[in-house]
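Visitor: Got a predicted structure plus its sequence, pasted below:
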Amino acid sequence: QRTFVATQQGVVHLLNADRTGTSIFLDLQDRVVYNDRQNEEGLLGLAFHPKFKQSGQLFVYYTTKSAPHTSVISRFTVQPGNPNAADPTSEQEILRIEQPFWNHNGGTIAFGPDGYLYVALGDGGAGNDPHGNGQNLATLLGSILRIDVDHLEQGRAYAIPQDNPFVGREGARPEIYAYGVRNIWRLAFDRETGDLWAGEVGQNLWEEILLIQ
């Protein structure tokens, strides 16, 4: 029964119960990049662990100040005994993704009914996908990822679900769940059916709403 609001500049607010104001749940302005002239970077995604009540874990997707045009997915935990504030010093980096340009960073991270974390990534930016990332299974860009953040595997801070479609394919990143997208900036799971819907930024005249299968 709580409402959280994440701002692109790097602050997650918790709306007060009487809806008259907010308190700061998590402040990451010291590590999040945001620039009005390159305004597709910043804090772009927030997802609470399905067992948040037990674990106190949440995940964020943001553009980091530690490297140019680089996206980071990190785990945070709430402060001990205080579920209304996350601990900014608890950061554990899960995944780091280099981006060739400042736009088309995707943005949404969301847990599916299967308990895995889904990550929407754009094709890297510019226009017309100049690096061909949307059709390249060797890169994470231009894809939706599906990872297991509750386990570690092969030196990663996450594990690969073994039923991901490209597990075992030579030259393909096993994190990829779906590919061939330009810039999915929002995705959500239907609470009744489990279907995965995505809002896809088109180019020139067309935008798309996608059913991801």
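Guide: Alright, I've got the coordinates.

Visitor: And the closest residue in space to residue 87 that isn't next to it in sequence, its phi and psi?
Guide: Spatial nearest neighbour of residue 87, chain neighbours left out: residue 79 (4.8 Å); criterion: Cβ to Cβ, 6 or more residues apart in numbering. Any C-beta I mention is one placed from the backbone N, CA and C, and that applies to glycine too. The phi/psi pair for residue 79 (degrees, to the nearest 10) reads phi -70, psi 140.

Visitor: Just list the residues touching residue 79, thanks.
Guide: Residues near residue 79 by Cβ atoms under 8 Å, 6 or more residues apart in numbering: 85-87.

Visitor: got it, and residue 23?
Guide: Going by Cβ under 8 Å, 6+ apart, the list of residues near residue 23 reads 13-14, 16, 84-85.

Visitor: Mind telling me what element it is part of?
Guide: Per DSSP states H and E: residue 23 is located in strand 22-27.

Visitor: Okay, buried residues for that strand please.
Guide: For strand 22-27, a neighbour-count test (16 or more other Cβ atoms under 10 Å) marks 25-27 as buried.

Visitor: Buried subset of the contacts of residue 79, written for ChimeraX?
Guide: Buried residues within those, by 16+ other Cβ under 10 Å, are selected in ChimeraX with:
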select :86
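
Visitor: between the contacts of residue 79, which is closest to residue 143?
Guide: residue 86 (28.0 Å; Cβ to Cβ).

Visitor: what about the closest one, distance to residue 189?
Guide: Distance check for residue 86 against residue 189: by Cβ to Cβ, to the nearest Å, it reads 23 Å.
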